[in-house]
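> with the sequence up front, the predicted model follows.
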Amino acid sequence: MEKENHINIQDFLPHREPLLMVDRILEIRKEEVITSFRIQPDNIFVDKGFFVESGLIENVAQTCSAITGQDFGDEIRNHEDPGSRVIGFITNIKKVKIHELPPVGSEIISKAHLNSQFGDICTISCLTYLEDRLLVEAEISLFIKAL
């Protein structure tokens with residue numbers, strides 16, 4: 001796997017602030033990715049000092065998107081060019097179980113694995129941790145395509 005200091009997250013995701021819910025790619029290969037995200041107090045998904053459920057799901061989706069984003073690196077890097085765009089969205093949340101909400105200041109680690117891919121649709125499993133505590137278990141399907 002590649003090391004994080006060689007990987008720019010914005011080469012893998014079309015998301016930008018304030019909707020970017022992944023800070024770094026720690027490791028990546030064709031079917032797996034590990035990301036980190038530090039929860040800031042001004043994050044749009046923070047409520048009463050905790051990163052809420054919708055933020056955790058968005059972190060999962062962006063982590064999972066990084067796997068498929070490997071195929072669209074040039075399109076994502078050139079996202080401001082109207083002739084070169086990437087679209088993506090969640091087509092199905094097969095499973096999501098949230099065990100705990102992480103507090104502001106926490107760094108969460110998400111580990112995703114590609115289960116299957118058929119054309120532009122893929123199914124990916126993801127586990128998110130705070131230290132050694134499991135926060136989220138999820139399996140989602142994504143549609144990602146360069147236009």
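That came through, no problem. Numbering: from 1, shown residues only.
> from now on I want contacts and neighbour counts done on CA atoms only, so please keep to that.
Will do.
> for this structure, what's the longest helix?
helix 53-69 (DSSP state H).
> and residue 90, what are its bridge partners?
On the basis of DSSP bridges, residue 90 takes part in beta bridges with residue 142.
> could you report the pLDDT at it?
Among the per-residue scores, residue 90 shows a pLDDT of 85.
> burial of residue 119, as a residue count?
Here the count is done by other Cα atoms under 10 Å, and residue 119 has 8 residues near it.
> return the distance of it relative to residue 88.
Using Cα to Cα, to the nearest Å, one obtains 13 Å as the distance from residue 119 to residue 88.
> and stretch 37-54, which residues are buried?
With burial defined by 16 or more other Cα atoms under 10 Å, the residues of stretch 37-54 counted as buried are 37-41, 43, 45-46, 49-53.
> what's the neighbour count on the spatially closest residue to residue 143 that is not a sequence neighbour?
In this structure, residue 143 finds its nearest non-sequential neighbour in residue 121, 4.6 Å apart by Cα to Cα, 6 or more residues apart in numbering. By the criterion of other Cα under 10 Å, residue 121 has 18 neighbours.
> okay then, goodbye and thanks.
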